[in-house]
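Q: My questions are about this predicted structure, shown below with the sequence.
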Amino acid sequence: MTARAHGVVAVVVTYNRRELLLECLAAIAAQTHPVAEVIVVDNASTDDSVAAIRAHHPGVTLFELPTNLGGAGGFAFGVAAARPHADQLWLMDDDAAPLPDALEQLLAARDRYPGTPPTIVASRVVSAEGEPIPMNVPRPRPFTSAEDRAAAATAGCVPIRSASFVSVLVDGLAARRHELPVADYFLWNDDFEYTARLLRSSVGLLCPNSVTRHAAKPLADPGARFALEVRNKIWLMTRSPALSPRERLVYGGSTLRRWLRWLLHSSNRMLLIRGFFGGASEAVRRGPRPTDEVLSAAGQPSGGFVQG
């Protein structure tokens, strides 16, 4: 069997995490399967991240945004830059550190999968102590057939419905066929919406043998950012084609349970209550702005998307 093309472009979005970013880039450089290119999108950092990239990783393709577009805008920008020429896009936050064989394992799983290659293959994400991080655990695909589970098992994987932007491999053709991540989400749920949209009618896999360490801590209380969680989740459930009606019921129910847990354990419940009503009000009042419009503020011609 002829090996599939593995022209991988890594896309890293960063904001004021100089030291973690350097660790991330060093981890990418140490991969047993080298990438073809590393794209870093800097969200107007003020901590000398740009100077550090130029000093320690001069081969990186660096985009300096004049304003902070959040993780959502940064990944929309990075995907727009990478997808015209990438066979695979390897997306990750700046506080991710993939183990040396993480990419090799993702590609091997993709090659082992029988039939049409999967659109997305995600790494298993763990803390520095090796523990799972709940917010980075891919959502399992509901209502999966025994045949689909067996096909995933052939690749040493399990079927998933979405993944986080912490070491996720995205098929380049799928990225060109679909619209970009929704930049106006700014933070939270942009990865859920984008990967679920790509996986609406295609295969996504979690590859347990591919491991990435993430410096993020488990989220016990979202604080003021809860407004973004509420707004974006409502947008996802009501304005995105990512989920089927049945899936909206499944994931909507799990979302409400998580929100209730946060409220019950919060040290500032009034802050969350205000965030809920503020986020819900904005979500009802307007939908997300077109990504082209958001990116144009940073001088990025997203160029729409390629059909077919």
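A: Here it is on my side, so go on. This one's a predicted model, so the numbers in the text were calculated from it and none came from an experiment.
Q: what's the spacing between F186 and S164?
A: 16 Å (Cβ to Cβ, to the nearest Å). From N, CA and C alone the C-beta is placed, and that goes for glycine too.
Q: Comparing these two, which residue is more hemmed in?
A: S164 (25 against 21; other Cβ atoms under 10 Å).
Q: Can you give me the distance of the nearest residue to N232 once chain neighbours are set aside to A283?
A: Once flanking residues are discounted, N232 sits nearest to N189: 3.9 Å by Cβ to Cβ, 6 or more residues apart in numbering. For N189, the distance to A283 equals 11 Å [Cβ to Cβ].
Q: anything in contact with each of these two?
A: 232, 235 (Cβ atoms under 8 Å, 6 or more residues apart in numbering).
Q: more neighbours, these two?
A: N189 (25 against 21).
Q: That one contacts K233, doesn't it?
A: Yes - at 5.7 Å, N189 counts as touching K233 under the criterion of Cβ atoms under 8 Å.
Q: What residues sit buried inside stretch 243-252?
A: Of all the residues in stretch 243-252, those buried under the rule 16 or more other Cβ atoms under 10 Å are 243, 247-248, 251.
Q: nearest to L69, of these?
A: Nearest to L69, judged by Cβ to Cβ, of the buried residues of stretch 243-252 is L243 at 24.6 Å.
Q: you'd agree that closest one is up against A196?
A: Yes - L243 sits in contact with A196 when judged by Cβ under 8 Å, with a separation of 6.0 Å.
Q: what touches both of these two?
A: Contacts common to L243 and A196, judged by Cβ under 8 Å, 6+ apart, are L236.
Q: Who are the contact partners of the residue nearest to N232?
A: If you count contacts by Cβ under 8 Å, 6+ apart, then N189 has 229, 232-233, 235-236 around it.
Q: which one of those is nearest L173?
A: For the contacts of N189, the nearest to L173 is L236 (24.1 Å; Cβ to Cβ).
Q: Strands of the protein, start to end?
A: 8-14, 37-42, 61-64, 88-93, 96-98, 120-126, 158-159, 166-171, 204-214 (DSSP state E).
Q: Let's have these in CSV, adding mean neighbour count.
A: Formatted as CSV, the strands of the chain follow (neighbours: other Cβ atoms under 10 Å):
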stretch, mean neighbour count
strand 8-14, 26
strand 37-42, 23
strand 61-64, 16
strand 88-93, 27
strand 96-98, 25
strand 120-126, 26
strand 158-159, 20
strand 166-171, 27
strand 204-214, 23
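Q: wait, which of these is closest to Y113?
A: strand 204-214 (6.8 Å).
Q: any idea of the mean pLDDT for the closest one?
A: Here strand 204-214 scores 97 as its mean pLDDT.
Q: Could you list every helix and strand that that strand packs against?
A: The contact analysis (3 or more Cβ pairs under 8 Å, 6 or more residues apart in numbering; DSSP states H and E) places strand 204-214 against strand 96-98, helix 102-112, strand 120-126, strand 158-159, strand 166-171.
Q: if we can go back for a sec, now, among the buried residues of stretch 243-252, which is nearest to P138?
A: Using Cβ to Cβ, those come closest to P138 at Y251, 12.6 Å.
Q: Now do the contacts for the residue nearest to the spatial centre of the chain.
A: Nearest to the mean C-alpha position of the chain, by Cα atoms, centre = their mean, lies F165 at 2.1 Å. Under the criterion of Cβ under 8 Å, 6+ apart, the neighbours of F165 are 13, 71, 75, 91-93, 190-191.
Q: now, the most widely separated pair of those residues?
A: M92 and D190 (13.8 Å).
Q: May I see the helices and strands packed on strand 204-214 organised as JSON lines, with distance to A81 added?
A: Formatted as JSON lines, these follow (distance: least, Cβ to Cβ, whole Å):
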{"stretch": "strand 96-98", "distance to A81": "19"}
{"stretch": "helix 102-112", "distance to A81": "19"}
{"stretch": "strand 120-126", "distance to A81": "19"}
{"stretch": "strand 158-159", "distance to A81": "30"}
{"stretch": "strand 166-171", "distance to A81": "14"}
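Q: Fine by me, thanks again.
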